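Peer 1: sequence and predicted structure are below.
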There are 2 protein chains.
Amino acid sequence: MFKLISTEDYARAGILKTAHCKIETPFFMPVATKTAVKYLDPKDLEKIGIQAIISNAFVLSLRPGINVIKKADGIHKFMNFHNAIFTDSGGFQKIKDSFYVKSSDKGLHLRSPFDGKKYLLTPKEIMKIHNTLSSDAAMVLDEMPLHKQSRKQVELAVKRTHKWAQECIKYHKNKKQLLFGIAQGGLYPDLREKSAKFISSLQFDGFAFGGLAIGEPEKQTYKMINAQVKHFPKDKPRYLMGIGSPAQLINAIGAGADCFDSTFPTQNARHNTLFTSQGKLVIKNAKYKSDLKPVDKNCNCYICKNYTRAHIRHLMKMQEPNGLKYCTYHNIYFINNLMKQIRTAIKENSFNQFKKEFLKKI
Amino acid sequence: MFKLISTEDYARAGILKTAHCKIETPFFMPVATKTAVKYLDPKDLEKIGIQAIISNAFVLSLRPGINVIKKADGIHKFMNFHNAIFTDSGGFQKIKDSFYVKSSDKGLHLRSPFDGKKYLLTPKEIMKIHNTLSSDAAMVLDEMPLHKQSRKQVELAVKRTHKWAQECIKYHKNKKQLLFGIAQGGLYPDLREKSAKFISSLQFDGFAFGGLAIGEPEKQTYKMINAQVKHFPKDKPRYLMGIGSPAQLINAIGAGADCFDSTFPTQNARHNTLFTSQGKLVIKNAKYKSDLKPVDKNCNCYICKNYTRAHIRHLMKMQEPNGLKYCTYHNIYFINNLMKQIRTAIKENSFNQFKKEFLKKI
């Protein structure tokens, strides 16, 4: 399923074959929790060259409901996206008060933010949902420790994460679907290592660093990645969940990660912050009022080829949805193109050079 | 500039040549007050086949400001739309409390809804704005009577409308730009006739029925159209401002109008009401929850070819922007396609038959 093509120190380029796409790694997934990336329709995503997106199995089981997607013959047909779709489980919902009730050894106790109804989400239950969704890759159910929790609580969360990982494998019936394990450990390097080792001992198609980029100092993030990456199998893809910004992505690839998802590019777009080859640009700033240049003169995206900073600024100031679309489109294109450049650099053994120059400019 | 090709009773098919487009009439213009049709970018509009949109000169003079659009070399380049753009003056802002202060013989006293600053909008001033915008067609400044106003007040409004119409002609310097006159008269047939006669005596490129579709009973709307249409020159296009729904459009074309604009299709889309060949469809209804059919099986739009009722309903229930885009796209396509069918019917002398069948189905 995964083939390593090239490496440069820890950075890796490869191919991850899923049911719907031969994904070139490293790659970034825009977030489509409810089967939609805000302001970009599936055709936009395909035009940009997005290889994979990530949706949320638990949220989809609530709305529109699993039977609706089953009737449509899976999530791809339901939303009409033709490349890979990953589905997360619900573990990340722990940081959201609108969802999280409590955890027990059996699973996560969650409430629906739509009608308040309570659910016990077990490994068995979530695997049934993933299977019915027919996504390309399912993420196991995990218990994500929060940084405010004690070592004892983190140890318990790791223990549950490991138990649930084994149960997810047991209930994983859809063999066309990849299954990714998630290692936890909070901000304790020894627990991180222990979890990476245990999860790596199980038969997963990919391995994720979980519970990072949720508010810890960035230095800690990389420390935890470094503690785990050496224990993950070399011949499997490594997924750093919840990252991120252009600089974080390039650093994390340098640390050995292959796969990413984050709302950072789309949320920043909606808040006027655009990525460019010269660093970030806040489009609402007065200095762009009559600036007829594209957002980024080095960008080949449809937005940079068709619209000026002045026009986009006007739309954003006026809260016009087209402005939100243009900003989102550009940021997602920028990140996707950055991934492309990074893949080429790794293959040409010039990643470290590329990284150095990129981080200097932004 | 305008060539009549075919007529059937009062219904007409023709060609209106503007600086950017040979518009086939009758035609409908989506509203892009601030240089954007909500949720549809200019490429979407061109793909749908939209021949013209309408923006608002006074609003654009406030934001982004006339100098910004001047620097971009006109509204087409500013927003990157290549077909015709009409620009309205500000007369319609009279029904909006956020804009309207009072009227005087000199012009409209308006305030900016953005910063509260007050402006006296004179015919001379608005023509300067229209000229700088370089739109295909400018609408004169008019004083629109409100239906709650007395006959005396309506008479005064008509008098001012006529005076301002003459001044607009005087200050119209951009000869590539068409200039449309607007006839008023409230709900008084004799004032409507008088105004149509006077405006028709002036050298305009097109003639508009103003002050309709602002809350009066529909029967009255057509009575006023009938009172004016016979006085408008046969060799010039007739613009019924502020209409509308599929049924209103087909009836108004039957009454002799050639040109339309309205937020009705886009606003309805955002409120879940979709037009179909079988009548309206409220997409949020529970019965569409797992309905895998397209919105309208007889529609060839990109949305009906790619997305199901179930998917669009889910997005609308979840308040996802993509849902708003899909609904808007479909409704605008539907109206544009209806116009196309009507033009064909008029040329084939089957408009009355088409109209009868269409109104029976919806």
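Peer 2: Sure thing, it's come through.

Peer 1: now for A:Lys117, how many residues are close by?
Peer 2: Neighbourhood size, A:Lys117 [other Cβ atoms under 10 Å in any protein chain shown]: 9. Placement of C-beta: from N, CA and C, glycine included.

Peer 1: dump the residue contacts of the residue nearest the centre of chain A.
Peer 2: Among the residues of chain A, the one closest to the centroid is A:Asp261, at 1.5 Å (Cα atoms, centre = their mean). Residues near A:Asp261 by Cβ atoms under 8 Å, 6 or more residues apart in numbering or on different chains: A:28-31, A:54, A:86, A:239, A:241-242.

Peer 1: so what's it bridging to?
Peer 2: Here A:Asp261 sits in beta bridges with A:Met29, A:Met241, as judged by DSSP bridges.

Peer 1: so what's whichever residue of the stretch 51-200 of chain A sits closest to chain B closest to, chain neighbours aside?
Peer 2: Relative to chain B, the nearest point of the stretch 51-200 of chain A is A:Pro64 (4.1 Å; Cβ to the nearest Cβ). Using Cβ to Cβ, 6 or more residues apart in numbering or on different chains and skipping residues adjacent in sequence, the residue nearest A:Pro64 is B:His314, 4.1 Å away.

Peer 1: in a helix, that neighbour, correct?
Peer 2: Yes. Applying DSSP: H, G, I helix; E, B strand; the rest coil, one finds B:His314 inside a helix.

Peer 1: list the contacts for the residue of the stretch 51-200 of chain A closest to chain B?
Peer 2: Going by Cβ under 8 Å, 6+ apart, A:Pro64 touches A:78, B:289-290, B:310, B:313-314, B:317.

Peer 1: what distance do you get for the closest residue in space to A:Ser350 that isn't next to it in sequence to chain B?
Peer 2: Nearest non-adjacent residue to A:Ser350, counting by Cβ to Cβ, 6+ apart: A:Glu8, 7.9 Å away. Taken as Cβ to the nearest Cβ, to the nearest Å, the spacing of A:Glu8 relative to chain B amounts to 38 Å.

Peer 1: ditto for A:Lys43
Peer 2: A:Lys43 sits 7 Å away from chain B, taking Cβ to the nearest Cβ as the criterion.

Peer 1: pLDDT on the helix or strand where that residue lies, on average?
Peer 2: If you go by DSSP states H and E, A:Lys43 is part of helix A:42-48. Helix A:42-48 shows a mean pLDDT of 98.

Peer 1: same check on stretch A:214-227?
Peer 2: 97.

Peer 1: ditto for stretch A:258-277
Peer 2: Stretch A:258-277 shows a mean pLDDT of 98.

Peer 1: show me what the host helix or strand of A:Ala310 is packed against.
Peer 2: Element membership for A:Ala310 (DSSP H and E) is helix A:309-317. Under the contact criterion of 3 or more Cβ pairs under 8 Å, 6 or more residues apart in numbering or on different chains; DSSP states H and E, helix A:309-317 touches helix A:321-347, helix B:66-71, helix B:75-79.

Peer 1: hang on, the earlier thing: tell me the secondary structure for the residue of the stretch 51-200 of chain A closest to chain B?
Peer 2: Here A:Pro64 is recorded as helix under three-state DSSP.

Peer 1: tell me the phi and psi of the one residue in the stretch 151-300 of chain A that gets nearest to chain B?
Peer 2: For the stretch 151-300 of chain A and chain B, the shortest gap (Cβ to the nearest Cβ) falls at A:Ser290, measuring 4.5 Å. Backbone torsions for A:Ser290, taken as degrees, to the nearest 10, come to phi -130, psi 40.

Peer 1: do A:His172 as well
Peer 2: phi -80, psi 100.

Peer 1: can you count the residues close to it?
Peer 2: By other Cβ under 10 Å, 20 other residues sit near A:His172.

Peer 1: measure stretch A:288-299 end to end?
Peer 2: 18 Å (Cα to Cα, to the nearest Å).

Peer 1: what mean pLDDT does it get?
Peer 2: Mean predicted lDDT for stretch A:288-299 stands at 98.

Peer 1: if we go by neighbour counts, what in that stretch is buried?
Peer 2: Neighbour-count burial for stretch A:288-299, counted by 16 or more other Cβ atoms under 10 Å in any protein chain shown, picks out A:288-291, A:294-296, A:299.

Peer 1: and the strands in the stretch 1-150 of chain A, which stretches?
Peer 2: Remark: strands assigned in the stretch 1-150 of chain A by DSSP state E, counting those that start in this stretch are A:2-8, A:11-17, A:22-25, A:27-29, A:52-56, A:84-88, A:100-104, A:107-111, A:118-121, A:137-139.

Peer 1: okay, these in TSV with mean pLDDT and mean neighbour count next?
Peer 2: As requested, the strands of the stretch 1-150 of chain A are arranged in TSV below (pLDDT from 0 to 100; neighbours: other Cβ atoms under 10 Å in any protein chain shown):
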stretch	mean pLDDT	mean neighbour count
strand A:2-8	98	16
strand A:11-17	98	21
strand A:22-25	98	20
strand A:27-29	98	25
strand A:52-56	98	24
strand A:84-88	98	26
strand A:100-104	96	14
strand A:107-111	97	21
strand A:118-121	97	16
strand A:137-139	98	28
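
Peer 1: between those, which one is closest to B:Glu46.
Peer 2: Between B:Glu46 and the strands of the stretch 1-150 of chain A, the tightest spacing by Cβ to Cβ is seen for strand A:52-56, at 27.3 Å.

Peer 1: now the angle from the closest one to strand A:84-88?
Peer 2: With axes from the mean of the first three to the mean of the last three Cα atoms, to 10 degrees applied, the angle from strand A:52-56 to strand A:84-88 works out at 30 degrees.

Peer 1: tell me what angle strand A:52-56 forms with strand A:11-17.
Peer 2: Put simply, strand A:52-56 runs at 70 degrees to strand A:11-17, going by the same axes, to 10 degrees.

Peer 1: for the stretch 201-350 of chain A, what lies in contact range of chain B?
Peer 2: By Cβ under 8 Å from any Cβ of the partner chain, the part of the stretch 201-350 of chain A that sits against chain B consists of A:289-290, A:292, A:302, A:306-308, A:310-311, A:313-315, A:317-318, A:320-326.

Peer 1: what does the stretch 1-150 of chain A put close to chain B?
Peer 2: For the stretch 1-150 of chain A, the residues in contact with chain B (Cβ under 8 Å from any Cβ) are A:34-43, A:63-65, A:67-68, A:71-72, A:78-80.

Peer 1: just the C-alpha atoms of stretch A:72-82, please, in CSV.
Peer 2: Extracted C-alpha coordinates of stretch A:72-82, given in CSV (Å, rounded to 0.1, in the frame of the first residue of the first chain):
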residue,chain,number,x,y,z
ALA,A,72,-25.8,6.8,-1.5
ASP,A,73,-23.3,3.9,-1.6
GLY,A,74,-20.6,5.6,0.5
ILE,A,75,-19.1,9.0,1.2
HIS,A,76,-17.5,9.5,-2.2
LYS,A,77,-20.8,9.2,-4.0
PHE,A,78,-22.6,11.2,-1.4
MET,A,79,-20.4,14.2,-1.8
ASN,A,80,-19.1,13.5,-5.3
PHE,A,81,-15.4,13.7,-4.6
HIS,A,82,-13.2,11.2,-6.5
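
Peer 1: and that stretch, what's buried?
Peer 2: Neighbour-count burial for stretch A:72-82, counted by 16+ other Cβ under 10 Å, picks out A:72, A:74-81.
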